[in-house]
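>>> Show me the folded form of this:
(one chain, ligands or ions: 1)
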Amino acid sequence: MISVVKIKKACIAVALIAYLPLNAAAWGQTGHRIVGQIADNYLTAKARKAVKQVLGNESMAIASNWPDFIKSDSSFNYLTSWHYVNIPADLDQKGVFNYLEITKEANVYNKIPEMIAILKNKQSTADQQQMAMRMLIHMLGDVHQPMHTARREDLGGNKVSVMWFGQRSNLHHVWDEDLIDRQQLSYTEYAEAINHPSKEQFTKWSHDSLKETVYESYLACNKIYDKTKADDKLSFRYNFEFIELLNEQLLKGGVRLAQIINDIYS
Ligand SMILES: [Zn+2]
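The predicted structure follows:
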């Protein structure tokens, strides 16, 4: 006979699995697709043709989700750390730049240039190119999710428990999905709604280095940490306060992704 204790233990185990920190989850499906969809708008004719050759009939929006879909396959476990870069608190710009330079782990900052190199290399096989393109599209999204450049000790906010409109969530998840889902738009509607960069923004974002991009996300995560504490009850006010930052990060991701791909196939 199964004892009550055993059932309780089993329930706890299931609950723990359900709440395993998903540091690598990144923008949920919709967030990643928004970035891919926006980027698609800014491809040159040459780049569009090349992307089509690599991805076939898979759109950039749909390709963006592949790295999250393959997580159940343990042969891809080595990709887990590619989705983020943990950065210590209280660094200034120089400190962040130095940290990125000396950190040799497989993180989103180190792996983006590797994907670009694979796509530029004419010796890369079709499979290598397909994977590199899917990862690149995904990682450009991740690096714009501020909680993907956050602290190691709380797993990028995964350990910061908060309430979101009355539901238990955590700070990382709020930024991966809750805020985006709250807007109740499909990814195409969302992309269309926010895809209005000014000329100045477009030019600046297109020319920023990857280091600057990471630093910008880091500043955003500092702001988020400042304004969100454990057990906070987040709802309308939080949505109002952060929607602009959220949308700008998604838009920047799309603009910069297009720039990178246009450069690869220039
Ligand atoms: Zn990710």
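>>> low pLDDT regions in the protein?
In the predicted model of the chain, residues 1-26 satisfy pLDDT under 70.
>>> Contacts only, for the residue most central in space within it.
For the chain, the residue sitting closest to the mean C-alpha position, by C-alpha atoms, centre = their mean, is residue 142 at 1.7 Å. Residues near residue 142 by C-beta atoms under 8 Å, 6 or more residues apart in numbering: 26, 27, 83, 84, 108, 148. (Each C-beta comes from the backbone N, C-alpha and C, glycine too.)
>>> who touches the nearest residue to the fourth one once chain neighbours are set aside in this structure?
On the basis of C-beta to C-beta, 6 or more residues apart in numbering, the spatially nearest residue to residue 84 that is not a chain neighbour turns out to be residue 148, at 4.0 Å. When contacts are counted by C-beta under 8 Å, 6+ apart, residue 148 is found next to 26, 83, 84, 85, 108, 142, 156, 217.
>>> what's the answer for residue 177, then?
25, 27, 28, 30, 31.
>>> Compare these and tell me which is most surrounded.
Counting neighbours by other C-beta atoms under 10 Å, the top entry in the contacts of residue 177 is residue 27, with 29 neighbours.
>>> quick one: stretch 214-223 to chain centroid distance?
13 Å (C-alpha atoms, centre = their mean, to the nearest Å).
>>> What are the buried residues along it?
By neighbour count on 16 or more other C-beta atoms under 10 Å, the buried set for stretch 214-223 is 214, 215, 216, 217, 218, 220, 221, 222.
>>> Would you agree the fifth one is in contact with residue 149?
Yes - in terms of C-beta atoms under 8 Å, residue 218 counts as a neighbour of residue 149; the distance is 4.6 Å.
>>> Return every residue with contacts to both of these two.
residue 87.
>>> Give the helix, strand or coil label for residue 43.
The three-state assignment at residue 43 reads coil, by DSSP: H, G, I helix; E, B strand; the rest coil.
>>> Could you find the closest non-adjacent residue to it?
residue 258 (5.7 Å).
>>> Please save the CA atoms from the helix or strand where residue 130 lies in PDB.
Using DSSP states H and E, residue 130 sits in helix 126-142. The C-alpha trace of helix 126-142 is given here as PDB (Å, rounded to 0.1, in the frame of the first residue of the first chain):
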ATOM      1  CA  ALA A 126      23.600  22.700 -44.700                       C
ATOM      2  CA  ASP A 127      22.900  21.100 -41.300                       C
ATOM      3  CA  GLN A 128      25.500  23.300 -39.600                       C
ATOM      4  CA  GLN A 129      24.100  26.400 -41.200                       C
ATOM      5  CA  GLN A 130      20.500  25.500 -40.300                       C
ATOM      6  CA  MET A 131      21.400  25.100 -36.700                       C
ATOM      7  CA  ALA A 132      23.500  28.200 -36.600                       C
ATOM      8  CA  MET A 133      20.800  30.300 -38.100                       C
ATOM      9  CA  ARG A 134      18.100  29.000 -35.700                       C
ATOM     10  CA  MET A 135      20.400  29.600 -32.800                       C
ATOM     11  CA  LEU A 136      21.400  33.000 -34.000                       C
ATOM     12  CA  ILE A 137      17.800  34.100 -34.400                       C
ATOM     13  CA  HIS A 138      17.000  32.700 -31.000                       C
ATOM     14  CA  MET A 139      20.000  34.100 -29.200                       C
ATOM     15  CA  LEU A 140      19.500  37.700 -30.500                       C
ATOM     16  CA  GLY A 141      16.100  37.500 -28.800                       C
ATOM     17  CA  ASP A 142      17.600  36.100 -25.600                       C
END
